[in-house]
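# Only the shape, not the letters, is given here:
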């Protein structure tokens with residue numbers, strides 16, 4: 001069987017199984033927007049955990065991070081492990097409170113949560129608009145990954161077909177039963193991702209060790225700066241890329257929404273534990289793959305690969321066909337899980353916050369509008385992906401940078417409780433979001449996705465500047481509120 005046929009047959013099998021799972025999950029009754037978007041707050045711990053992990057670890061990992069590690073060395077591991085450690089910390093200490101509040105106040109969308117924290121009904125619309133603008137690049141990066149992977153693995157110029165495959169599958173899997181079908185397919189895709197990654201790293205170690213090429217390559221790497229913090233990872237660049245990742249669990253609505261879903265506190269604790277194991281394993285595998293690939297290039301077993309997103313496809317071109325198509329499909333799975341979650345959470349913002357909470361529509365109509373919005377969003381994403389506006393790593397980090405103003409606003413809202421509804425703090429929340437978001441957006445439009453992240457603002461890394469400005473506005477409001485009380 002040739003490579004093209006094997007790749008397409010495996011992909012077809014993956015899509016068929018996923019669609020069957022989505023249809024089975026559809027049998028669960030969907031009557032309200034809470035049922036549709038947060039599974040009625042009834043997900044088991046293992047289902048919630050794998051869904052959270054699969055949503056978090058997108059095509060950024062097996063395509064983007066492998067390439068980033070290949071080009072920049074161990075610094076890429078530091079960048080990604082910082083995300084994991086900060087997320088574990090936030091989930092351990094903040095998630096229980098958020099989980100309880102979601103049940104008490106019947107939160108469905110993260111935009112609704114922010115509005116409720118500050119007692120400003122229409123703040124949800126502002127937050128929803130920020131989500132829409134910021135997450136389009138991130139979600140489109142998943143489609144770009146699917147298109148490039150399908151094109152690279154099949155050896156055919158079918159980038160557009162890869163995008164269409166992702167769009168059609170996302171439409172079916174997400175629109176059927178919302179979070180129920182999403183969590184069920186996430187579990188299936190998450191298992192595919194981790195098993196494929198394990199198989200990939202085992203093969204790469206075995207193949208690379210033949211003739212001592214891998215060890216020779218690592219000796220060459222040790223003479224360079226790639227096994228430490230290379231010149232690529234200057235302090236400013238590391239801070240600029242890492243800060244948005246540190247607050248990912250707070251600012252990105254597709255993962256915040258997952259915190260609402262576990263059925264009880266035991267399930268929530270299991271979510272944190274299993275996510276930690278999944279995340280650590282996947283991060284180590286992916287960064288080791290990038291380092292091994294670079295070592296093999298240094299040893300002459302592979303050519304030097306200039307484009308980071310092409311490292312994984314180049315490595316897979318040397319792998320046995322069954323493993324190649326298995327890993328190829330896992331990359332599609334990783335992209336699918338993240339894109340599905342983003343589309344669903346954006347749909348909840350449109351149907352719940354823009355329509356239902358503003359116009360007072362019924363749950364039935366809100367779900368219908370949510371499904372229509374899923375289709376509309378996927379059309380927009382496919383157009384953006386077709387234009388290929390940037391690299392996967394840059395688009396992913398840029399999205400989190402645009403969402404950074406939500407970090408101080410959300411964290412302060414969680415911890416202040418009812419105090420957040422005092423006038424100075426309420427107004428500051430709106431000002432903080434507007435100023436921080438417009439600063440990030442203007443910088444991105446001026447410099448482009450990549451340069452906006454590494455070009456300083458007032459001598460500071462751009463993402464640090466955005467975070468400091470948004471935080472300072474909130475802290476000044478809290479100080480003013482305390483002065484007025486005294």
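In hand now; what should we look at? Quick caveat, the model's predicted, so the values are computed rather than measured.
# For this structure, just list every one of the strands.
Counting by DSSP state E, the chain forms no strands at all.
# Can you pull the domain assignment for it?
3-394, 404-486 (automatic domain parsing).
# could I get those domains as TSV with mean neighbour count and mean pLDDT?
Using the backbone N, CA and C atoms, a C-beta is placed for each residue, glycine as well. Compiled in TSV, the domains of the chain are given as follows (neighbours: other C-beta atoms under 10 Å; pLDDT from 0 to 100):
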stretch	mean neighbour count	mean pLDDT
domain 3-394	21	85
domain 404-486	18	89
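# Check the gap between residue 243 and residue 128 for me.
For residue 243, the distance to residue 128 equals 24 Å [C-beta to C-beta, to the nearest Å].
# before we move on, what about residue 169?
Taking C-beta to C-beta, one finds residue 169 at 25 Å from residue 128.
# so where's the longest helix in the protein?
Assignment by DSSP state H gives helix 265-298 as the longest helix of the chain.
# helices or strands next to that one in the packing?
helix 45-56, helix 66-72, helix 75-93, helix 95-105, helix 179-209, helix 213-222, helix 311-316 (3 or more C-beta pairs under 8 Å, 6 or more residues apart in numbering; DSSP states H and E).
# The same query, at a cut-off of 6 Å, please.
helix 45-56, helix 66-72, helix 75-93, helix 179-209, helix 213-222 (3 or more C-beta pairs under 6 Å, 6 or more residues apart in numbering; DSSP states H and E).
# List the contacts of the residue nearest to the spatial centre of the chain.
Computing the C-alpha centroid of the chain and ranking residues by C-alpha atoms, centre = their mean puts residue 56 first, at 4.4 Å. Shown in contact with residue 56 (C-beta atoms under 6 Å, 6 or more residues apart in numbering): residue 255.
# do you know how far it is from residue 427?
Using C-beta to C-beta, one gets 33 Å for the distance from residue 56 to residue 427.
# next one: residue 281
Counting by C-beta to C-beta, the gap from residue 281 to residue 427 is 45 Å.
# Equivalent analysis for residue 171, please.
The value you get for residue 171 to residue 427, if C-beta to C-beta is used, is 40 Å.
# what's the answer for residue 214, then?
59 Å.
# Does residue 294 touch residue 70 like I think?
Yes. Assessed by C-beta atoms under 6 Å, residue 294 is found in contact with residue 70 at 4.7 Å.
# Show the contacting residues for residue 62.
Residue 62 touches 312, 331, counting by C-beta under 6 Å, 6+ apart.
# can you check residue 98 too?
residue 259.
# gap between it and residue 367?
To residue 367, residue 98 is 24 Å away according to C-beta to C-beta.
# Relative to residue 16, how far out is residue 54?
In terms of C-beta to C-beta, residue 54 sits 19 Å off from residue 16.
# An error on my part: the question was meant for residue 410.
Distance from residue 410 to residue 16, by C-beta to C-beta: 39 Å.
# now residue 101
Residue 101 sits 40 Å away from residue 16, going by C-beta to C-beta.
# Just put the helices and strands packed on helix 265-298 in a markdown table and tack on distance to residue 162.
Formatted as a markdown table, the helices and strands packed on helix 265-298 follow (distance: least, C-beta to C-beta, whole Å):
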| stretch | distance to residue 162 |
| --- | --- |
| helix 45-56 | 20 |
| helix 66-72 | 18 |
| helix 75-93 | 25 |
| helix 179-209 | 16 |
| helix 213-222 | 31 |
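# out of those, nearest to residue 435?
Of all the helices and strands packed on helix 265-298, it is helix 75-93 that lies closest to residue 435, at 23.9 Å by C-beta to C-beta.
# Now do stretch 224-244: distance from first to last residue.
29 Å (C-alpha to C-alpha, to the nearest Å).
# what's the answer for stretch 413-424, then?
End residues of stretch 413-424 are separated by 13 Å (C-alpha to C-alpha).
# ok, now stretch 409-428?
Stretch 409-428: ends 9 Å apart by C-alpha to C-alpha.
# what's that stretch in contact with?
117-120, 250, 429, 432-433, 473-474, 477, 480-481.
# Farthest pair within the residues you listed?
Maximum pairwise distance in those, criterion C-beta to C-beta, is 23.9 Å, between 250 and 480.
# Is residue 124 in contact with residue 117, as I believe?
No. Counting by C-beta under 6 Å, residue 117 is not a contact partner of residue 124; they are 10.6 Å apart.
# got a list of what the nearest residue to residue 196 once chain neighbours are set aside touches?
Of all residues not flanking residue 196 in the chain, residue 330 sits nearest, at 3.4 Å (C-beta to C-beta, 6 or more residues apart in numbering). By C-beta under 6 Å, 6+ apart, the residues touching residue 330 are 192, 193, 196.
# In CSV: these, plus distance to residue 437.
Formatted as CSV, the contacts of residue 330 follow (distance: C-beta to C-beta, whole Å):
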residue, distance to residue 437
192, 36
193, 32
196, 37
